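**Student:** Give me a model of this one.
(6 chains, ligands or ions: 12)
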Protein chains: 6
Amino acid sequence: DFLMALENDIKPAFGVSEEDLDKFLPNGIVEWGASIKGILEDAKAEVKQARTSAKTPLLTVLLEGPVGSGKTALAIHIARESEFPFIKVVSPGEMVGYTEAAKCMAIKKAFDDAYKSQLSIVVLDDIERLIDYVSIGPRFSNTVLQTLLVLLKKSPPLGKRLLVIGTTSARGVLDEMGLIRAFNHVIHVSNISKSSELITALKEFDVFEANELDQIEKKVGKHKVWIGIKELIVHSEMARQMPQHLRVTKFLTLLHEEGGFDGPTI
Amino acid sequence: DFLMALENDIKPAFGVSEEDLDKFLPNGIVEWGASIKGILEDAKAEVKQARTSAKTPLLTVLLEGPVGSGKTALAIHIARESEFPFIKVVSPGEMVGYTEAAKCMAIKKAFDDAYKSQLSIVVLDDIERLIDYVSIGPRFSNTVLQTLLVLLKKSPPLGKRLLVIGTTSARGVLDEMGLIRAFNHVIHVSNISKSSELITALKEFDVFEANELDQIEKKVGKHKVWIGIKELIVHSEMARQMPQHLRVTKFLTLLHEEGGFDGPTI
Amino acid sequence: DFLMALENDIKPAFGVSEEDLDKFLPNGIVEWGASIKGILEDAKAEVKQARTSAKTPLLTVLLEGPVGSGKTALAIHIARESEFPFIKVVSPGEMVGYTEAAKCMAIKKAFDDAYKSQLSIVVLDDIERLIDYVSIGPRFSNTVLQTLLVLLKKSPPLGKRLLVIGTTSARGVLDEMGLIRAFNHVIHVSNISKSSELITALKEFDVFEANELDQIEKKVGKHKVWIGIKELIVHSEMARQMPQHLRVTKFLTLLHEEGGFDGPTI
Amino acid sequence: DFLMALENDIKPAFGVSEEDLDKFLPNGIVEWGASIKGILEDAKAEVKQARTSAKTPLLTVLLEGPVGSGKTALAIHIARESEFPFIKVVSPGEMVGYTEAAKCMAIKKAFDDAYKSQLSIVVLDDIERLIDYVSIGPRFSNTVLQTLLVLLKKSPPLGKRLLVIGTTSARGVLDEMGLIRAFNHVIHVSNISKSSELITALKEFDVFEANELDQIEKKVGKHKVWIGIKELIVHSEMARQMPQHLRVTKFLTLLHEEGGFDGPTI
Amino acid sequence: DFLMALENDIKPAFGVSEEDLDKFLPNGIVEWGASIKGILEDAKAEVKQARTSAKTPLLTVLLEGPVGSGKTALAIHIARESEFPFIKVVSPGEMVGYTEAAKCMAIKKAFDDAYKSQLSIVVLDDIERLIDYVSIGPRFSNTVLQTLLVLLKKSPPLGKRLLVIGTTSARGVLDEMGLIRAFNHVIHVSNISKSSELITALKEFDVFEANELDQIEKKVGKHKVWIGIKELIVHSEMARQMPQHLRVTKFLTLLHEEGGFDGPTI
Amino acid sequence: DFLMALENDIKPAFGVSEEDLDKFLPNGIVEWGASIKGILEDAKAEVKQARTSAKTPLLTVLLEGPVGSGKTALAIHIARESEFPFIKVVSPGEMVGYTEAAKCMAIKKAFDDAYKSQLSIVVLDDIERLIDYVSIGPRFSNTVLQTLLVLLKKSPPLGKRLLVIGTTSARGVLDEMGLIRAFNHVIHVSNISKSSELITALKEFDVFEANELDQIEKKVGKHKVWIGIKELIVHSEMARQMPQHLRVTKFLTLLHEEGGFDGPTI
Ligand SMILES: Nc1ncnc2c1ncn2[C@@H]1O[C@H](COP(=O)(O)OP(=O)(O)OP(=O)(O)O)[C@@H](O)[C@H]1O
Ligand SMILES: Nc1ncnc2c1ncn2[C@@H]1O[C@H](COP(=O)(O)OP(=O)(O)OP(=O)(O)O)[C@@H](O)[C@H]1O
Ligand SMILES: Nc1ncnc2c1ncn2[C@@H]1O[C@H](COP(=O)(O)OP(=O)(O)OP(=O)(O)O)[C@@H](O)[C@H]1O
Ligand SMILES: Nc1ncnc2c1ncn2[C@@H]1O[C@H](COP(=O)(O)OP(=O)(O)OP(=O)(O)O)[C@@H](O)[C@H]1O
Ligand SMILES: Nc1ncnc2c1ncn2[C@@H]1O[C@H](COP(=O)(O)OP(=O)(O)OP(=O)(O)O)[C@@H](O)[C@H]1O
Ligand SMILES: Nc1ncnc2c1ncn2[C@@H]1O[C@H](COP(=O)(O)OP(=O)(O)OP(=O)(O)O)[C@@H](O)[C@H]1O
Ligand SMILES: [Mg+2]
Ligand SMILES: [Mg+2]
Ligand SMILES: [Mg+2]
Ligand SMILES: [Mg+2]
Ligand SMILES: [Mg+2]
Ligand SMILES: [Mg+2]
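**Tutor:** Numbers count the residues shown, from 1 in each chain, chains lettered A, B, ... in the order given. Ligands and ions are numbered 1, 2, ... in the order given. Modelled structure (predicted):
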């Protein structure tokens, strides 16, 4: 029991286990289009530079895109594929109810732990949430923001290398705060926007049968589609609850209601 | 006595008893119109998805509508009908005088308790009040808001399922705060707006006799009616105090004064 | 002595004594016009509903009107006439120098105490002062405001009944804050605005002799009068200090200076 | 020594000694014009009403006028002349460096002490300073403001009488804050604005000889004069330092520089 | 050592030693023009009035002018020349990192110490810094500001006399804050603005030889010069580092770059 | 170990070791253009004046320029070349998570330590970060700002000399805050803006072979180039990861994407 506790205490200092990463990737990565492939390739180059270039011991990259487009899942996937010995996810979900000071300390600790490993990745998930941003005011934690601005510039100790991967759906705001400029590279994550992409993704979810997919493809046709992979999963699962003859209609209605589709639903 | 105290302490961790839910539903659910039926059906589908879909262990739905339209009563009713083993109501009435930090902790605890049960429902009642919102300024607790934004996105542990039901009469404001987008679905709760709905509701309250109801129906006729079920109960009860020959007039006058009716009162 | 202290400690939990209520009613209630009669009747109906209707265990009513129009005195008078076993006055005068948190606790305690009695009245006097409102900014205590908003909606425990009577001279502001909508009924208290009302009131104060009252009535004639009962008492008392031949002139001058009268003073 | 300390501790509870009042009146009261006489008469009537009218146990009066017009000196003079057994001066000079809460407590204590005496006067000196007002922002202590607003309305206990005398040179601001309306009467204190008033005042100061005063009177003639009695003392004292032949010129130059005089200086 | 500590502790209570004053006057007072003479004369009259006039036991004077024009040096010089037994310099440099409350206490202590001496001078150096003023916002410490406003009006105890000398380069801001009006007199300190004044000052600094001074005088000619004595010292010292043939050019270039000169540099 | 700790504790009081300075200069100083030479010469003159002029014991100079233009590296380089016995770098990276008060204390300590040495340099790195500046609001730590404003004016003790070197990429903001005026001199650090400068810099980085450099030079030609030395290193290192035939294109694409180049990339 004591050893257990100890291990729990120590583990974060050496990064997270496979299992812990899994919770950020509940439904895997579906390659629903070319943009996903592009992102994964760019990410590989970053990982390689982080691993090998002595002149850039600190590399920082930001995944930005609409709400629910899959940024967190991609960031975690990239981190896991890197096979770096130390991976730490800094996530708002772990800091509910923390004071600003406690948040800063937790973030600082993540970096300090990373500095101890030869090769490390720190994922800063949902940066607008880490800084408690809300557009009314606007309000945000300047204390956490400044902590991020400083840590994104501070070199790791001699001989250590660190890759920071951030995610955000508030690019505009982060830009005003100087946070975009603080990253070495910015990678855009897009929503699903074509009928073919939609079908590719749906195929993987095992909700609709082949003929239903054909039906959807025909209904969608050339109409505008605009939906994040995350919401798509919720909608197709709702469709799954329906009696078979209502599924397609329900699915298209949901897509339509949330503004993700402007064609006919029946 | 000690066991009593213990039980009180433990109970919240395992949800509320029937009795506790009752206090949010003082006057039951009257099916005064088609919209009520629709809401209850939609809700059932959500409950089913929460119960069965492995891909969406977290589902979130918001009941929004005018002040006094019956949102809280409906949310509690839905939760009770679900027969989920864990139901927790997060209500501003339980947190009078709490500091922001204490509120966050109480909300966090509700979710943490829910995470321990296989199937749980957390009701976030009167969200604008949970976040201490007032339109002058505007002011609100960003700490509580951020806590909600994070918890509405955080997946329960593997194998656990959670349905969150929120209520609000401040849709516009919550939208600016990103709280609307944070829910998977939004269901609208309406005021009574037709003469027939009004009569259906009044029948249940046992205040007016048949001929009085006829009188009211005739007076209202095609005039605009716009009243929440909650205020309607207060007005009809006030009418009940009156000597019989004044009841109808008093009732229509009250409706008129509060802007809920633009026809003749006598 | 100890028992005395104990009694003092216990008393507030069981409402205030007659004596304590008297201090809010220093000069009794003068029925200077029809509006006063109307207010007292409306109030009686509220008290009856609070006492008898099982469907509305919580009733809330607000007395609003200009500064010094007699709102506090009327609220206390209504409470006293109700003969409810528990009456608690929440008054800014009792909370000078309290922190916001202490104010909230004191208000919460008043309601908690009320919940213990079968039939209770809580008077929320001078709501704009309870929430520390000032128009510059504007500034106010959101903590106290939210406490009021919540308590005005929270049902007493099963079987208990509560009537809340508020007073304010800042209707516009309270409306912006959602506090007007939070009351079930709103009753307007007016200033004295007719020559006849002025004379009726003055007769009761025993300052002017019959012929002086005639003089005043003639001087006022059809001119606009606009004065609260509270200020009227101060002015007539100032007139009382004067040598008899100057009284009427002094009184009219004071009325004139404070903008309460636009006719001739001599 | 101990008794001394005790006495010091007790004294404030029973008002200030003659001596203590003197420090607010360093140069006495010079009757430089008719307006001063008027103020003193009005004040006498207030004092009489405070002493005798049972219906107005609380009377409040505000002296307002330009910076340095003599408000504080007049307030203290009125208090002293009243011969009331309890007189307490609430002055910003006694509260340098106090927190807002400490200020409120000190003010509350002044009133609580006053409530213990049959007949009391509380002087609220320099109200804009008591509330830490500055026009940039604007900023002020709302805590102290609310304390004043409440105490200016709270009746003393049965049988006790209290006269509150306030002073301010920020009438406009206090009006916005609702502080003007909170006083029963407002008395205006004016600057010296006529050549004859200037000469009357200067005669008392014993700086200029008869022929010098004639010189000044001639120079001033019909030109505009606008100077507070407080600044006038500083200027005439500066003139006193000068060699006799420069005195008049220096005096007129100073008057001119500070914008108090628009005629020739030589 | 203990005595040393004691002395250090006691000394401030009896003013500063010559030595301590010296550090504010590193380069003495150069009489570079008529305005300096005028300031010193005016100051002498103030000192005399402070010493002798019983009717004005508190005198306050403000030195205001552009950044680096020599205000602090002049204030200290005047204080030292007064030969008053107690001189205390309240300087931002002594309060780095103090909280607002600590600053207030330090300022209050300076005045309290001064009140104990028959004749005292308190120098309030760099008032905009004492109140932590910055134009963005604007922001400043209202606590310190109010402390100054009160202390600038509070009479010393009977029989004691106090002269307060303030310095500032933010006259406009202090005016908005009511701080200018709070001083009895305001004396303007100017920059060097004429070729002749420039040469007079440079002669004293022992940097340039006679022929170089002639060169500079000719170059400057009728061109606009506008430079504070403090910056002039920095520039001439920079010129001193240069090889002789570059000195004049370097000096004129520096003057030009900082906007202090609009003529030719070579 | 204890001695180690001691040494660590003591060392900062006597400045930083060579090694510690190195971490701010990871890739040395490349003389990519004339402006670099100019900066280093100006800096030498400052260092000389700081060392020798008795009249200016405090000298302050600010390096300002675009993000990543090399300001920090230059400041450290200048400090190291001075061979002053005490060098202290005040850097945001050392103060992550500090409260405002702690930051002020750390800054104050750096200066107090410097005052103890005959000849000292304090580097204030990234001033906008030291004061927690963000353009939204705008917000910043006024406490730290005021500390800097005061310390930049406060003379070291008699006989000690101090050179302060600041760096910033927010000149406009610092100007509004009065921080630019608070420095004796301001030196501009520029981005690389000419093809020749680009090639000079790239030659040093050992990424491209001679013919590749020729290719780049030709592609760039007369097109606008605008890139900081810091970003240039990141881009050329990214190019280094690429297979040889893609290097030049990748490099030009990166330059193009970040807005640093407007010519053809292939
Ligand atoms: N190609 C893909 N990219 C990303 N996520 C995918 C992909 N295919 C499937 N998914 C699944 O989609 C979901 C994406 O959710 P995720 O939380 O990563 O989105 P997000 O953009 O971070 O959302 P938010 O804006 O709310 O933070 C995950 O469940 C993930 O397993
Ligand atoms: N169909 C119905 N839907 C909802 N409530 C009903 C219905 N029929 C009767 N009621 C009764 O009406 C009242 C509705 O009050 P409730 O507090 O739920 O309204 P609300 O919309 O939450 O109000 P608020 O906006 O003030 O929070 C309850 O007493 C409930 O028992
Ligand atoms: N008809 C009446 N209604 C109310 N007060 C009356 C009436 N007749 C006499 N009074 C007396 O007039 C005074 C009314 O003062 P009260 O404090 O109630 O006014 P208010 O409107 O609450 O003032 P404020 O706006 O300052 O709170 C009391 O002294 C009360 O005894
Ligand atoms: N008629 C008078 N009225 C008031 N003060 C007088 C009069 N004659 C002489 N004085 C003297 O003039 C001075 C007035 O100063 P006082 O502090 O009362 O002015 P004030 O208006 O309160 O100033 P401030 O606006 O700064 O508070 C006192 O020294 C007082 O003794
Ligand atoms: N006539 C003079 N007046 C003032 N200072 C002089 C004069 N002649 C020489 N000096 C020297 O010039 C310098 C003036 O600096 P000082 O700090 O007094 O200026 P300041 O106006 O207070 O600056 P700041 O606006 O930065 O506070 C001092 O070193 C002082 O010794
Ligand atoms: N001539 C040069 N001047 C400055 N830095 C150079 C030069 N040549 C090479 N370098 C290298 O370029 C990098 C400059 O980074 P540095 O952190 O100094 O930039 P910065 O302007 O301070 O950036 P930031 O605006 O982010 O603070 C360092 O790695 C430094 O070793
Ligand atoms: Mg995400
Ligand atoms: Mg509700
Ligand atoms: Mg009242
Ligand atoms: Mg005064
Ligand atoms: Mg100065
Ligand atoms: Mg830098």
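**Student:** Residues contacting stretch A:205-212, please?
**Tutor:** Residues from elsewhere that reach stretch A:205-212, judged by Cβ atoms under 8 Å, 6 or more residues apart in numbering or on different chains: A:L202, A:I216, A:L232, A:I233, A:S236, A:E237, A:A239, A:R240, A:R247, A:V248, A:F251, B:K55. Glycine gets a C-beta too; all of them are placed from N, C-alpha and C.
**Student:** Number of residues surrounding the nearest residue to the last one once chain neighbours are set aside?
**Tutor:** Of all residues beyond its chain neighbours, the one nearest B:K55 is A:E237 (5.2 Å), with distances taken as Cβ to Cβ, 6 or more residues apart in numbering or on different chains. Applying the criterion other Cβ atoms under 10 Å in any protein chain shown, we find 19 residues in the vicinity of A:E237.
**Student:** Now do the stretch of helix or strand A:E237 belongs to: everything it contacts.
**Tutor:** Applying DSSP states H and E as the criterion places A:E237 in helix A:229-241. For helix A:229-241, contacts defined as Cβ under 8 Å, 6+ apart pick out A:27, A:30, A:32, A:67-70, A:191-192, A:198, A:201-202, A:205, A:207-208, A:227, A:247-248, A:250-251, A:254-255, A:258, A:260, B:45, B:48-49, B:52-53, B:55-56, B:59, B:184.
**Student:** what helix or strand is the most centrally placed residue in chain A on?
**Tutor:** Geometric centre of chain A, nearest residue: A:T72, 1.4 Å, by Cα atoms, centre = their mean. Under the criterion of DSSP H and E, A:T72 resides in helix A:71-82.
**Student:** Which other helices and strands does that helix contact?
**Tutor:** On a contact count with 3 or more Cβ pairs under 8 Å, 6 or more residues apart in numbering or on different chains; DSSP states H and E, helix A:71-82 meets helix A:18-22, helix A:34-52, strand A:58-64, strand A:86-90, strand A:119-124, strand A:161-168.
**Student:** Okay, the closest residue to ligand 1 within the stretch 151-266 of chain A and A:M242: tell me how far apart.
**Tutor:** Ranked by Cβ to the nearest ligand atom, the top residue of the stretch 151-266 of chain A for proximity to ligand 1 is A:K230, at 3.8 Å. Distance check for A:K230 against A:M242: by Cβ to Cβ, to the nearest Å, it reads 20 Å.
**Student:** Now do the phi/psi pair for A:K219.
**Tutor:** A:K219 adopts backbone torsions of phi -60, psi -40, taken as degrees, to the nearest 10.
**Student:** Now the residue in chain A that ligand 2 sits nearest to. Nearest residue, chain neighbours left out?
**Tutor:** In chain A, the residue that lies nearest ligand 2 is A:I136 (21.3 Å; Cβ to the nearest ligand atom). Distances taken as Cβ to Cβ, 6+ apart place B:E176 nearest to A:I136, at 5.5 Å, with adjacent residues excluded.
**Student:** Can you tell me which of the contacts of stretch A:205-212 are buried?
**Tutor:** The neighbour-count test (16 or more other Cβ atoms under 10 Å in any protein chain shown) applied to the contacts of stretch A:205-212 identifies A:L202, A:I216, A:L232, A:I233, A:S236, A:E237, A:A239, A:R240, A:R247, A:V248, A:F251 as buried.
**Student:** okay if I get those as CSV plus distance to ligand 1 and pLDDT?
**Tutor:** Shown next, in CSV, are the buried ones among the contacts of stretch A:205-212 (distance: Cβ to the nearest ligand atom, whole Å; pLDDT from 0 to 100):
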residue, distance to ligand 1, pLDDT
A:L202, 11, 97
A:I216, 18, 95
A:L232, 8, 97
A:I233, 6, 97
A:S236, 11, 95
A:E237, 11, 96
A:A239, 16, 95
A:R240, 16, 94
A:R247, 20, 94
A:V248, 21, 95
A:F251, 17, 95
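**Student:** wait, what's in contact with the residue nearest to the centre of chain A?
**Tutor:** Taking Cβ under 8 Å, 6+ apart, one finds A:F24, A:D125, A:D126, A:T167 in contact with A:T72.
**Student:** Now list the buried members of those residues.
**Tutor:** Taking 16+ other Cβ under 10 Å as the criterion, what is buried in those is A:F24, A:D125, A:D126, A:T167.
**Student:** Just send those back as JSON lines, with distance to C:F111 too.
**Tutor:** Compiled in JSON lines, these are given as follows (distance: Cβ to Cβ, whole Å):
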{"residue": "A:F24", "distance to C:F111": "45"}
{"residue": "A:D125", "distance to C:F111": "43"}
{"residue": "A:D126", "distance to C:F111": "40"}
{"residue": "A:T167", "distance to C:F111": "46"}
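**Student:** Dump these into a markdown table; add pLDDT and distance to chain C as well.
**Tutor:** Output for those, formatted as a markdown table (pLDDT from 0 to 100; distance: Cβ to the nearest Cβ, whole Å):
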| residue | pLDDT | distance to chain C |
| --- | --- | --- |
| A:F24 | 92 | 36 |
| A:D125 | 98 | 32 |
| A:D126 | 98 | 28 |
| A:T167 | 98 | 33 |
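**Student:** Could you check how far the residue of chain A found nearest chain E is from ligand 6?
**Tutor:** Closest to chain E within chain A is A:N142: 14.3 Å, counting by Cβ to the nearest Cβ. As judged by Cβ to the nearest ligand atom, to the nearest Å, A:N142 and ligand 6 stand 19 Å apart.
**Student:** ok, now which ones touch that residue?
**Tutor:** Going by Cβ under 8 Å, 6+ apart, A:N142 touches F:D132, F:V134, F:G137, F:R139.
**Student:** got it, and A:I127?
**Tutor:** A:L148, A:G166, A:T167, A:T168, A:A170, A:L174, A:L179.
**Student:** now, among the residues you listed, which is nearest to F:V89?
**Tutor:** A:L148 (21.4 Å; Cβ to Cβ).
**Student:** what about the closest one, neighbour count?
**Tutor:** By other Cβ under 10 Å, 24 other residues sit near A:L148.
**Student:** Next, the buried residues of the host helix or strand of A:T249.
**Tutor:** A:T249 belongs to helix A:244-257 when assigned by DSSP H and E. Buried residues in helix A:244-257, counted by 16+ other Cβ under 10 Å: A:R247, A:V248, A:K250, A:F251, A:L252, A:T253, A:L254, A:L255.
**Student:** Turn those residues into TSV, columns for distance to F:Q118.
**Tutor:** TSV is the format used below for those (distance: Cβ to Cβ, whole Å):
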residue	distance to F:Q118
A:R247	84
A:V248	84
A:K250	82
A:F251	79
A:L252	81
A:T253	81
A:L254	76
A:L255	75
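**Student:** tell me the angle of the helix or strand hosting A:K203 relative to helix A:244-257?
**Tutor:** Using DSSP H and E, A:K203 falls within helix A:195-205. Inter-element angle recorded for helix A:195-205 and helix A:244-257: 130 degrees (by axes from the mean of the first three to the mean of the last three Cα atoms, to 10 degrees).
**Student:** Export helix A:195-205 to PDB, keeping only CA atoms.
**Tutor:** Below are the C-alpha coordinates for helix A:195-205, written out as PDB (Å, rounded to 0.1, in the frame of the first residue of the first chain):
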ATOM      1  CA  SER A 195     -19.300  14.200 -47.900                       C
ATOM      2  CA  SER A 196     -16.500  11.700 -48.600                       C
ATOM      3  CA  GLU A 197     -14.700  12.500 -45.300                       C
ATOM      4  CA  LEU A 198     -18.000  12.100 -43.500                       C
ATOM      5  CA  ILE A 199     -18.600   8.600 -45.000                       C
ATOM      6  CA  THR A 200     -15.000   7.500 -44.300                       C
ATOM      7  CA  ALA A 201     -15.400   8.400 -40.700                       C
ATOM      8  CA  LEU A 202     -18.900   6.900 -40.300                       C
ATOM      9  CA  LYS A 203     -17.700   3.600 -41.800                       C
ATOM     10  CA  GLU A 204     -15.400   3.200 -38.900                       C
ATOM     11  CA  PHE A 205     -18.100   3.700 -36.200                       C
END
